[in-house]
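[1] this one's sequence-less:
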């Protein structure tokens, strides 16, 4: 119970924050809060892993083999880090064995251990940042924030929601039923028991942020966890797994309560893991086809985030330059490799109202194109916003889009990274299209491709966004309007497709952003996924209540 | 908000009770609490429906047709009641249309309406009781309790859990993120939006108790509901639907927010309903094969209670007669047509310890057989405990078991109902078997068939119960032991199969019973079902959080 007491205040604050949904962050997002040398120190630590076995995990001292195939999108060089692997069956067997003990730890013991692991996680934010940068291609600042404080906040949020959903219930009670002259008395005990091994399948772009909610929710509800990272982005999450294992071991738990199960592009193990009869819960972030396959596996409880087609509709604005800048930043940030990045930008052919003046379609388009171009070519921002492209398939996708029917409004620009001349950079491509080419905008073009979609009016833009979201899913959307009635109509329509709407964002806030303790991530109401970070359903499905009752006199 | 205020105290007490899990009942289970003439009055009202159209529903004034095929297990006569039906598509279209308005009612408005409907439900407990008796075959007192106060408590519980899971969250908030010299401010709104039509598929034995949790959870979380009762037991739940519709209409809601969609054995509509793309949520109680089919439907959220194989293990007791009486009652109650009825009774060949004395296997068996026989033949208890058999297939199943290999310990006894000479009565059959004939005890023999299973020792009994539960599911279990260490070992093993254990029940409490606000019904951890009355997962999966955010200065 010591670890629980140590962190109890933090947990209580986090639970309150979950329901208040106002701004709350337990981990500062400003690097300065972590000391002046944090980035340098993190870089050194990251570098020390290169070309080595990742032998810090506690799960396996004598691995059957060591595998790894990560390549830095910045240097195009292999990281050379390898990870210990055993047979899939052996991973699951160990997870089963660890589960039997872990599920009987009290919610307080589990919470204490998991909260303590966040201390170690925090210590490694900057090491993880560099590992994230050189696996995902994210720019460094984003790597730090997304895989560091923002991810740790999401982890804390998952612990808080799960702890609260369990601890709200009495664990032992005398049930006394009055029967007239006498009463029947039962002693009842209630246990929230985990369901068994929980596999968490990571993605290549957000290996930490998208995985920790499932990891911490799974563990907090009494399940053992097997982390199956994307073969292209293992190192960042390996560090998190190691930190949890260290606290587990120090607290006398089986470190196999959480295991890293790495694989390679050549020999993937995900299907074998997911289909293993002892695996009961699956968390997944990635493409739609594989997500649908996982959801169809009988007898599994599956939490998915799949693809979505996000969009922005312009109706009327106060300050076009500010809006164009905001949209440009959303498009450039990590070269649109975010599940929340906008793809389709609907602009009325009739133009839009700008602070009382009509501005033509062409001028609106020009403002956006110019803003994107300006940001790309900005000497200080530029590559520090764009980052690199995680993999070649993403580049090829944009090339394919480039050849589609439609006018190229902004072609790829040749940009060099000052530090990394070999960085895989591909700047956002802006294509013009209209509703005659629905096939283009009805699919996700993951990566730096966006469409300016010319519609008759803003209404048609909202209607199209709504239809595409119903059919293909959407995780975020943007709306610009100064008209209250239009706003209400549009928000109402979009929420029929369970799409959250970001309205009139300008300045230092973007539709891609998603804050723990306030923004629910993915609504689970459209094809973009069946799970939400972090609502009640995300945790309650991971355990079962078992209540026993004994007659007492 | 008036209806909410009217019932707010009740709701608050119910929410507290959900988490306290001590004894709580909002609806008295003693018929006397409802007046001396309640049964008589209910009988008259019930009789007034016979041979008529059930034209009290508000959903459909000009139905395409009227169908019905209920037959009383007591008289073997058709009830002659018919229900309005339209095409499946039309049911779903109306549910869709009603959903659009209903999902935007505030949680308070929905709670107020649903709580008010319980007032009307309560008014009809005794009418529903007779309707339940003459469709399910339940004895009258049980019909009253199970379809009356116990069901209404379960309904209230579902409202309470759902209301609390939604209302715990802020609905509008100013999110202010400090950015150093300035801050970013967003106004955020959060809506818990229902997912769409929720079909609730009823069963023939507990048409009200098993359906109201899904109905009320579905409605409370903002979904419209289509109730598809078992064609053999429509009338009791039709009355509940009518009461909800009346309150809906009085509050200005579309009465189609809940519809009754009856069908017949000859022309079932369940698959067509369940597979309809607009149906998003399905609640189901019934056989395993159909339940598995429903669970496999892509894109649906499904809550199931399927078959289980329940058992009792005897290890050591204080008072054998009291134990035998308790088991006998559990077996006779509604002729074991409860999903919580015991089927396999494991007795050690070495005998059991009875208050310090060893009593042989044969004597233990004899005590149980005698107790069952005594209860069946008891002039006042007898048929008033047994009730009638709902359908011929159940009788045939027991006949089939009777011909299985094994010794008949107690054959069917010819019992006549004093009031209903044609009642379909089949008294519990007790067969002896052992672990060589696992196939017998590894399946559910729904109805009046039980097996005395001779095991080497009590340990083997617990192990078998555990194994069968893992494989086939179990909803309840009974354990008799005076040995603390054995109890702990057995409870631990059984809960590995997520089976709740009732320990040393004697007197006026039986393992079949399951109390709202305290006993979770079905754990969702074994093949007996994937849902629990009423845990967080039972309600949180029925809605999605959609959060919008708008920049403010």
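    Received it, and whenever you're ready, just let me know what you need. These numbers were taken from a predicted model, which means no experiment stands behind them.

[2] Enumerate the residues of the stretch 451-553 of chain A near chain B.
    The stretch 451-553 of chain A has residues A:491, A:495-496, A:498-509, A:515, A:518-520, A:523-525, A:532, A:535-537, A:540-541, A:544-551 near chain B, with proximity defined as CB under 8 Å from any CB of the partner chain. In short, each C-beta sits where N, CA and C put it, glycine included.

[3] Restrict these to the buried ones and give me that as a ChimeraX selection.
    Applying 16 or more other CB atoms under 10 Å in any protein chain shown to those, the buried members can be selected in ChimeraX as follows:
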select /A:491,495,496,498,499,500,501,502,503,504,505,506,509,515,518,519,520,523,524,525,532,535,536,537,540,541,544,545,546,547,548,549,550,551
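
[4] mind listing which of the residues of the stretch 451-553 of chain A next to chain B are in strands?
    If you go by DSSP state E, these have A:502, A:503, A:544, A:545, A:546, A:547, A:548, A:549, A:550, A:551 in strands.

[5] quick one: the residue most central in space within chain A from residue B:399, how far?
    The residue lying closest to the centre of chain A (CA atoms, centre = their mean) is residue A:210, at 2.9 Å. Here the distance between residue A:210 and residue B:399 works out to 57 Å (CB to CB, to the nearest Å).

[6] How about residue A:290?
    Distance from residue A:290 to residue B:399, counting by CB to CB: 50 Å.

[7] Show me the helices in the stretch 351-500 of chain A, by range?
    Taking DSSP state H, counting those that start in this stretch, the helices of the stretch 351-500 of chain A run over residues A:361-377, A:382-386, A:392-402, A:438-441, A:458-472, A:484-496.

[8] so what does the last one touch, helix or strand wise?
    Put plainly, it is helix A:484-496. Judged by 3 or more CB pairs under 8 Å, 6 or more residues apart in numbering or on different chains; DSSP states H and E, the packing partners of helix A:484-496 are helix A:458-472, strand A:477-480, strand B:543-552.

[9] what residues are up against the closest residue to residue A:321 other than its chain neighbours?
    Ranked by CB to CB, 6 or more residues apart in numbering or on different chains and with sequence neighbours excluded, the top spatial neighbour of residue A:321 is residue A:367, at 6.7 Å. Counting by CB atoms under 8 Å, 6 or more residues apart in numbering or on different chains, residue A:367 makes contact with A:320, A:321, A:323, A:324.

[10] Mind giving me the PyMOL select for these, buried ones only?
    What follows is the PyMOL syntax for the buried subset of the contacts of residue A:367, where burial is set by 16+ other CB under 10 Å:
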select buried, chain A and resi 320+323+324
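
[11] So which of the contacts of residue A:367 are in helices?
    A:320, A:321, A:323, A:324 (DSSP state H).

[12] So the third one sits against residue A:480, correct?
    Yes. Shown here, residue A:323 and residue A:480 form a contact pair, counting by CB atoms under 8 Å, at 5.6 Å.

[13] Next, show the common contact partners of the two.
    A:314, A:317.

[14] Now do the same contact list for residue A:69.
    Per CB under 8 Å, 6+ apart, neighbours of residue A:69: A:78, A:231, A:232, A:264, A:265, A:266.

[15] For those, give me JSON lines that also has pLDDT and distance to chain B.
    Shown next, in JSON lines, are the contacts of residue A:69 (pLDDT from 0 to 100; distance: CB to the nearest CB, whole Å):
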{"residue": "A:78", "pLDDT": "98", "distance to chain B": "39"}
{"residue": "A:231", "pLDDT": "98", "distance to chain B": "28"}
{"residue": "A:232", "pLDDT": "98", "distance to chain B": "29"}
{"residue": "A:264", "pLDDT": "96", "distance to chain B": "31"}
{"residue": "A:265", "pLDDT": "95", "distance to chain B": "29"}
{"residue": "A:266", "pLDDT": "95", "distance to chain B": "31"}
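
[16] tell me which element the residue lying closest to residue A:118 once chain neighbours are set aside is part of?
    Distances taken as CB to CB, 6+ apart place residue A:152 nearest to residue A:118, at 5.6 Å, with adjacent residues excluded. Using DSSP states H and E, the element containing residue A:152 is helix A:149-167.

[17] cool, residue A:173 as well?
    Going by DSSP H and E, residue A:173 is in strand A:172-178.

[18] Is any residue of the helix or strand following that strand near chain B?
    Beyond strand A:172-178 in the direction of the C-terminus, DSSP H and E gives the next helix or strand as strand A:183-194. Yes. Contact of strand A:183-194 with chain B (CB under 8 Å from any CB) involves A:184, A:186, A:188, A:190, A:191, A:193.

[19] repeat for stretch A:9-17
    No. Interface with chain B: stretch A:9-17 contributes nothing (CB under 8 Å from any CB), its closest point being 10.2 Å away.

[20] Could you give the separation of that stretch from the chain centroid?
    22 Å (CA atoms, centre = their mean, to the nearest Å).

[21] Could you give me the buried positions within that stretch?
    Those would be A:10, A:11, A:13, A:14, A:15, A:17, for stretch A:9-17 by 16+ other CB under 10 Å.

[22] Likewise for stretch A:310-321?
    Taking 16+ other CB under 10 Å as the criterion, stretch A:310-321 shows A:310, A:311, A:312, A:313, A:314, A:315, A:316, A:317, A:320 as buried.

[23] In strands, which of those fall?
    When the buried residues of stretch A:310-321 are checked against strands (DSSP E), the matches are A:311, A:312, A:313, A:314, A:316, A:317.

[24] Quick check: the third one touching residue A:346?
    Right, residue A:313. Yes. Counting by CB under 8 Å, residue A:313 touches residue A:346, with 4.6 Å between them.

[25] picking up where we left off before, right, so the helices and strands packed on helix A:484-496: which one is the most enclosed?
    strand A:477-480 (a mean of 26; mean count of other CB atoms under 10 Å in any protein chain shown).

[26] Name the surrounding residues that touch that strand.
    A:310-317, A:323, A:327, A:330, A:342, A:352, A:462, A:465, A:469, A:487, A:490-491, A:494, A:499-505, A:511.
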